[in-house]
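Asker: Below are the sequence and a predicted model for it; my questions follow.
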Amino acid sequence: MVVLVFVGLVFVAHLYLWHRMVRSTTRRGRVRTGLTWGLVGLLALVVVTFAGMRLEMFQWLAWPGYLWIAIMFYLVIALVLLEIPRLVAWSALVRGRVAVSSLSPPSPVEVVRPVTVPASDISDISGFGQVSGVESSPGGDAMSRRLFLGRTTAAVAGVGALGTVGYGISAALGDPVIEPVKVTLAGLDSRLSGLRFAVVSDIHLGPLTGKAHTERIVRMINGLRADVVAIVGDLVDGSVAELGPLARPLQSLESRYGAYFVTGNHEYYTRNGPGEWIEELDRLGVRSLRNERVEIRHQGGVLDLAGVNDLNGATANDGPDFDRALGGRDTSRSTVLLAHQPVQVSQAARYGVDLQLSGHTHGGQLAPFNLVVPLQQPVVSGLATVDGVQVYVTRGAGFWGPPVRVGAPPEITLLELRA
């Protein structure tokens, strides 16, 4: 069902683009036919790209396919925003309020009426002024105005979309922002005050990222000198056989009390499931918290650090088990929970969790998707309180799909606990 909805939305988007970018800017003929088939090819590219990434096939299509998705997305937004100005401009053109003749090209069809000139007037040079008259063909002027408006609208939308995507590429492929956050926990042992977490999520190792992407993230985390490293899901978009070399720099992570990982939804989309990645991360020195908890001892104080599997694990009998992770603990201790999706806080609240660290949302990644995220998740990004539990949602250090981030730069969080 989800796949059919996606294909349907992509088809409607391309149909709208054809109407505004092809039909409204061209006359019938070879140019329109060529552009139409080009748009059909781009539609097929989107579908094949998504199918290929899920099946770990056609990886070479990732760059053109995902870039077109971003351009398509912002073209549609720009054209929709221009609909009202376009309607106003067309109304003004029809009423003759705009001097179109000085802006648009002349009518392409001209009919020349022959005029008989008396022989006696041939020598009169002034008679040439009445030799011929120019008459526009019916509808030619309206066609010129329509094409002028269509081409202007398409040009403005195209420049806006390409500029936005270009900016978004530089943001997505650039260094993540270090976000310093201080969180006060009412019941925190004063000896634990100052305990620092380096939180990173949604690294999304895949066909569009290289080993340098992981190396940069590791280098930046190590520069924070955190006590605990928390990787909150969606580390990979592929199998160990395909992406193992890209994950290898994780073995160089440095922290006083270790690096910990919980699964995200994308770990369950891989061909072999999350099991092989759990083993690979263990080999790299990153411990996975699979519905379990560990004790973090710091300056004589003790903190419970728990982790639960992602909600998508339920389809593989590997879903979150809060009772196993949090049941029977010493309630006098503060507890920090790693859970990929912010929405999992509703269950965490029943177990008296003090702080939940999550990712998943990417902060929306492509504005205005940040306005859509609240339909599914209680927090888009940053620190909030939900059901009495503080939740910090990181925007993630990577990207999914298009290598583009608009309004949501990549992030690594340095989170410090305060009593």
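Answerer: Perfect, I can see it now.
Asker: Which parts of the stretch 201-350 of the chain are strands?
Answerer: Assigned by DSSP state E, counting those that start in this stretch, the stretch 201-350 of the chain shows strands spanning 228-232, 259-262, 286-288, 292-298, 301-307, 335-338.
Asker: Show me the one of those that comes nearest Val31.
Answerer: Closest approach to Val31 among the strands of the stretch 201-350 of the chain is made by strand 228-232 (50.4 Å; Cβ to Cβ). C-beta here means a position set from N, CA and C on the backbone, and glycine is covered the same way.
Asker: Report the strands that pair with the closest one, each with its relative direction.
Answerer: Strand 228-232 pairs in its sheet with strand 196-200 (parallel), strand 259-262 (parallel), by DSSP bridges.
Asker: what angle sits between that strand and strand 292-298?
Answerer: 150 degrees (axes from the mean of the first three to the mean of the last three Cα atoms, to 10 degrees).
Asker: what angle sits between strand 228-232 and strand 301-307?
Answerer: Using the same axes, to 10 degrees: strand 228-232 against strand 301-307 is 20 degrees.
Asker: Centre of the chain to strand 228-232, how far?
Answerer: The gap between the average C-alpha position of strand 228-232 and the chain average comes to 23 Å, counting by Cα atoms, centre = their mean, to the nearest Å.
Asker: I would like the residues contacting it, please.
Answerer: 195-201, 203, 221, 253, 255-262, 264, 286, 296, 305, 338-340, 357-359, 394 (Cβ atoms under 8 Å, 6 or more residues apart in numbering).
Asker: To what extent is Tyr269 buried, counted in neighbours?
Answerer: Neighbour count for Tyr269, taken as other Cβ atoms under 10 Å: 16.
Asker: Okay, it and Val22: tell me how far apart.
Answerer: Relative to Val22, Tyr269 is positioned 35 Å away (Cβ to Cβ, to the nearest Å).
Asker: again, but for Gly160
Answerer: Distance, Gly160 to Val22, using Cβ to Cβ: 18 Å.
Asker: just Gly363 next, same as before
Answerer: For Gly363, the distance to Val22 - Cβ to Cβ - is 34 Å.
Asker: Over to Thr214?
Answerer: In terms of Cβ to Cβ, Thr214 sits 42 Å off from Val22.
Asker: would Leu417 count as being in a strand?
Answerer: Yes - according to DSSP: H, G, I helix; E, B strand; the rest coil, Leu417 belongs to a strand.
Asker: low-confidence ranges in this structure?
Answerer: 2, 56, 97-143 (pLDDT under 70).
Asker: quick one: contacts of stretch 307-324?
Answerer: Contacts for stretch 307-324 (Cβ under 8 Å, 6+ apart): 233, 260-265, 267-269, 273-274, 288-293, 325, 337-341, 343-344, 347-348, 350-351.
Asker: out of these, which are buried?
Answerer: The neighbour-count test (16 or more other Cβ atoms under 10 Å) marks 233, 260-264, 267-269, 273-274, 288-293, 325, 337-341, 343-344, 347-348, 351 as buried among those.
Asker: Mind naming the longest helix for this structure?
Answerer: When the chain is parsed with DSSP state H, its longest helix is helix 140-173.
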